[in-house]
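J.: With the sequence up front, the predicted model follows.
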Amino acid sequence: MSTMVAKVIVDNRSSKTDKPYTYAIKKDMEEDLKQGMRVLVPFGRGNRYIKGLVIKIEKYNGNISKLKYIKDLLDDKPIISEKMLELSLWMKENYLSSYLDSLYAVMPPGDFKKINTYIYINDKQSFNMEQISPKEKNIISILNDKKKVSFSELKKEVKDNNIRKHIKKLEEKGIILTSLEIETKIHKKYEKYITLKNDNMKLEEILSKIDNRAFKQQEVIKFLYEAGETSLKKLLKETNTSNSVVKSLEKKGEIKIIEKEVLRSPIPNGISQYKKHKLTDKQEYCLNEILDTIRNEEGNKFLIHGVTGSGKTEIYLQLIENLIKSGKQAIVLVPEISLTPQTVERFVGRFGQKVAVLHSRLSYGERFDEWRRIKEGKVNIVVGARSAVFAPFNNLGLIIIDEEHENSYKSSMNPKYNAIEVAEKRCELEGASLVLGTATPSLETYYRAKSGEIKLLTLSDRINNKKLPTMNIVDMREELNSGNRSILSVDLYDAIEENLKNNKQTILFLNRRGYSTFISCRKCGYVAKCENCDISLTYHFSENKLKCHYCGMVTSPPRICPECGSKYIKYFGSGTQKIEEIVKKLFPYSRIARMDVDTTSRKGSHARILKSMKNGDIDILIGTQMITKGLDFPLVTLVGIIAADTSLNLPDFRSSEKTFQLLTQVGGRAGRGDFEGQVIVQTYSPEHFSIQMAKEHDYIQFYNKEILLRKEFEYPPFMDIITIVMYGRDRNKVSKVSKKIYSKILEKLKEINKGELAKNIFGPNPAPLEKLKNNYRWQIIIKSDKENLKMLKNVVSRVCIYNSQNKEYKDIKFSIDVNPNSIL
Ligand SMILES: Nc1ncnc2c1ncn2[C@@H]1O[C@H](COP(=O)(O)OP(=O)(O)OP(=O)(O)O)[C@@H](O)[C@H]1O
Ligand SMILES: [Zn+2]
Ligand SMILES: [Zn+2]
């Protein structure tokens, strides 16, 4: 006969114990135990008790007497739903992360150990004591005494093995409520609410019991009779009374005071309503296509490719409105930096209290409260950054991912997931639909849209047929030739001056990304590139060498330009701060603000800058990536891009794509109001196709060219990339271990007759950022086609994860990333 056993992941931060352990289940626990519940299990040689999570319950054919038993159940119901558990296990496989990291991603925020189920009486429900068993009565009387009891406390007091069943029954009858809560230092907030005690009596009857001269008391009664349950604060304000009036009414037994929990909310007060636009024909077509396709079950993945200012957000809003009517829930992902008041206002301004907002700046308490509001179904829309994809809805109907091309959807921490892929998987598991939107789709997404996997919807015009801004390219080599060594070209200078005269706003953009600088000829625009990878070489100061960050090729920097022989070889790099200084000198009477990581680190500073921009208190806004997303200011008519080459010359196969996206997105901030906009792009490579295509607003042509290059050089979407970074304090050791890992990978491949794949394993090489936070980093890069991906992941986990406890690897850590954002 086979028995059931539980597979448990224990909450112990060590890669050695990060695997499912098998535990036997006592008879009296069998019925209650579900996957997704936390349990207490004896662990290790000393059999100390440790918390764990049940990921599976299955038949066992081995000898059960060899197993340890689960000691206790910690939850009365799963804290992770079946589907979220499945999603988490899928992440573990797909991104080669640990069980524990993957589980933490889908669990309530905060510490696994500190989350408790609490049980309390449902004030709203009246019930008949006769239908209640003595044991249930016992529970009710404990709850009546204590108001709220944690599950484990209650268990201690009741001492009944069947307690879970009683709780379940009581909950089904609506007599008690349960909720997950976290022990935090932040205490829950309560607020007093007042209602009439005899609310089924006529108003005259109640009033007749109160002294005629007690006007205030009479007024309070009248108010409550009209308004029903009201918060004390509001009551005092509306009736202009004092607390003592309320107290004496309570004494007389005419009113009831109830304490209610107030959830902390990160949503700012006083957001005004965001009025619904009547959709344009094109928006409407798009909305209906999505709704029809879903209705006819012809697919559930969509890409809205709509130019900047084409009204994508309004489509999202009406899509959500449509969906929540049928009782479903929706998640909207936006890039962290565009979780600005402007975005939040649109969703909250339309749907009000039904929206929860999740972003990384929330306090611990706020985050947990939002999580609970979602879990308990108090909201049906979540707007948030990447991790909001795990919002614990149980009737999910839709995930929208705005600006789907953004880097920030890929996590750089464990589990190193890509929120788009996770969203897709989650939609699959829950039968929900996925809508991606952007003006500049990622190559991967557009490729899939063209292949029919994702339904493509295109909006090629701005709302009200406003023109897309004209893009003027300034060749900075010519500026130099004509003697202008300033960072601003004559054209850009003149345009700013003109704009100031007309009281219009200007945005100046400078991409500061990139750590080491690139090398370029100021005369002809030549950029040093790797022959094997078609990627720009990075200049390393300490060694005075140029290196390829993909294949490891090393060369000395040229003294004179190999193309034109000039000696104007320069390395590049100036930041927004420098620009700010220069612009201030050139336009001393203008109002200038800077928006980058340095100026927005304090809470609220981001919002403040945006507000002054909106109010027209800023003439020139200088910024990094932060100003590229979603901003909608009607007075911005000029956008200047200081150096388009910074992103073009990043040592990354995505550099062309990123440049096209950036120019289009930043440029897209211009001319959104009643005035036409222009963009001035300064560059040393004006003929580069990503700059040319951005100038023409021609995504399709850009895509067609770029996708050929991806194919030729074997990059995504045609190949997947896995990077293994090995790091530690001792450079020699890091290098030794990397070499060992490399040869083990080759060995394993030979063992399974896949030796020919050795040509796809690059390295080991020092990572471009070789020393980071006092660690030396070396990396191996693996390229894989779809067929071999699973096998290669398997090899990598065998070599790096299962053996990471190996003595040889002492003091060395591994970081594995599947399709990383960057390989720096
Ligand atoms: N049907 C409509 N009628 C009138 N105005 C509209 C309509 N739909 C959207 N708008 C307005 O048009 C402007 C641009 O819309 P929105 O910001 O949604 O565009 P978007 O496609 O999301 O742009 P981006 O990708 O640049 O962020 C907004 O000010 C919005 O309020
Ligand atoms: Zn040159
Ligand atoms: Zn190379």
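T.: Nice, thanks for sending it over. Note that the coordinates shown come from a computational prediction; the quantities given were computed from them, not determined experimentally. Numbering: from 1, shown residues only. Ligands and ions are numbered 1, 2, ... in the order given.

J.: Run a quick neighbour tally on the residue of the stretch 701-824 of the chain found nearest ligand 1.
T.: At 16.8 Å from ligand 1, residue 702 is the closest residue in the stretch 701-824 of the chain, using Cβ to the nearest ligand atom. Bear in mind the C-beta positions are built from the backbone N, C-alpha and C, glycine included. Around residue 702 there are 26 other residues, counting by other Cβ atoms under 10 Å.

J.: what residues are up against it?
T.: With contact set as Cβ atoms under 8 Å, 6 or more residues apart in numbering, residue 702 has these partners: 660, 689, 690, 693, 694.

J.: now residue 71
T.: 39, 40, 41, 42, 49.

J.: out of these, which are buried?
T.: 39, 41 (16 or more other Cβ atoms under 10 Å).

J.: on that earlier part again, please work out the average pLDDT along the helix or strand the residue of the stretch 701-824 of the chain closest to ligand 1 falls within.
T.: Take DSSP states H and E as the rule and residue 702 turns out to sit in helix 699-712. Helix 699-712 shows a mean pLDDT of 95.

J.: Any idea what residue 555 is bridged to?
T.: Bridge pairing for residue 555 (DSSP bridges) gives the partners residue 546.

J.: Residue 528 versus that one, what's the distance?
T.: 8 Å (Cβ to Cβ, to the nearest Å).

J.: hey, what's in contact with both of the two?
T.: 537, 546.

J.: Which of the two has more residues huddled nearby?
T.: residue 528 (21 against 13).

J.: Show me where the stretch 451-600 of the chain has its helices.
T.: With DSSP state H, counting those that start in this stretch as the criterion, the stretch 451-600 of the chain has helices at 476-481, 490-501, 576-586.

J.: buried ones in the longest one?
T.: Okay, so that is helix 490-501. 491, 492, 493, 495, 496, 499, 500.

J.: among those residues, which are in reach of ligand 1?
T.: Among these, no residue sits close to ligand 1 (Cβ under 6 Å from any ligand atom).

J.: Export the residues you listed to a markdown table and append columns for pLDDT.
T.: Output for the buried residues of helix 490-501, formatted as a markdown table (pLDDT from 0 to 100):
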| residue | pLDDT |
| --- | --- |
| 491 | 94 |
| 492 | 95 |
| 493 | 95 |
| 495 | 95 |
| 496 | 96 |
| 499 | 94 |
| 500 | 94 |
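
J.: Out of these, which is nearest to ligand 1?
T.: Using Cβ to the nearest ligand atom, those come closest to ligand 1 at residue 499, 20.3 Å.

J.: Does the closest one touch residue 505 like I think?
T.: Yes: between residue 499 and residue 505 there is a contact at 7.4 Å, judged by Cβ atoms under 8 Å.

J.: which neighbours do these two share?
T.: With Cβ under 8 Å, 6+ apart as the test, residue 499 and residue 505 both reach 619, 637, 638.

J.: quick one: pLDDT of the second one?
T.: Predicted confidence (pLDDT) for residue 637: 92.

J.: report the angle between the axes of the helix or strand it falls within and helix 576-586?
T.: Using DSSP H and E, the element containing residue 637 is strand 636-641. Calculated by axes from the mean of the first three to the mean of the last three Cα atoms, to 10 degrees, strand 636-641 forms an angle of 120 degrees with helix 576-586.

J.: Tell me the helices and strands packed up against strand 636-641.
T.: Here strand 636-641 touches helix 490-501, strand 505-509, helix 655-667, strand 678-683, going by 3 or more Cβ pairs under 8 Å, 6 or more residues apart in numbering; DSSP states H and E.

J.: For the shortest one, the averaged confidence score.
T.: Okay, so that is strand 505-509. pLDDT averaged over strand 505-509 gives 93.

J.: From the chain's centroid, how far away is that strand?
T.: Strand 505-509 sits 28 Å away from the centroid of its parent chain (Cα atoms, centre = their mean, to the nearest Å).

J.: Need the residues that contact whichever strand or helix holds residue 437.
T.: Using DSSP H and E, residue 437 maps to strand 433-438. Contact partners of strand 433-438, identified using Cβ under 8 Å, 6+ apart, comprise 290, 294, 300-306, 312, 315-316, 319, 397-405, 420, 423-424, 427, 445, 454.

J.: In the sheet, which strands lie alongside it, parallel or antiparallel?
T.: strand 301-306 (parallel), strand 396-402 (parallel).

J.: After that strand, which helix or strand is next?
T.: Criterion used, DSSP H and E; the element after strand 433-438 is helix 443-450.

J.: Smallest distance to ligand 1 belongs to which residue of the stretch 151-300 of the chain?
T.: Counting by Cβ to the nearest ligand atom, the stretch 151-300 of the chain gets nearest to ligand 1 through residue 277 (3.4 Å).

J.: Can you report how many residues lie near that residue?
T.: 13.

J.: That one contacts residue 315, correct?
T.: No: contact criterion Cβ under 8 Å: residue 277 and residue 315 do not qualify, at 10.1 Å.

J.: between the buried residues of helix 490-501, which is nearest ligand 3?
T.: residue 492 (34.7 Å; Cβ to the ion).

J.: Thank you kindly, that will do.
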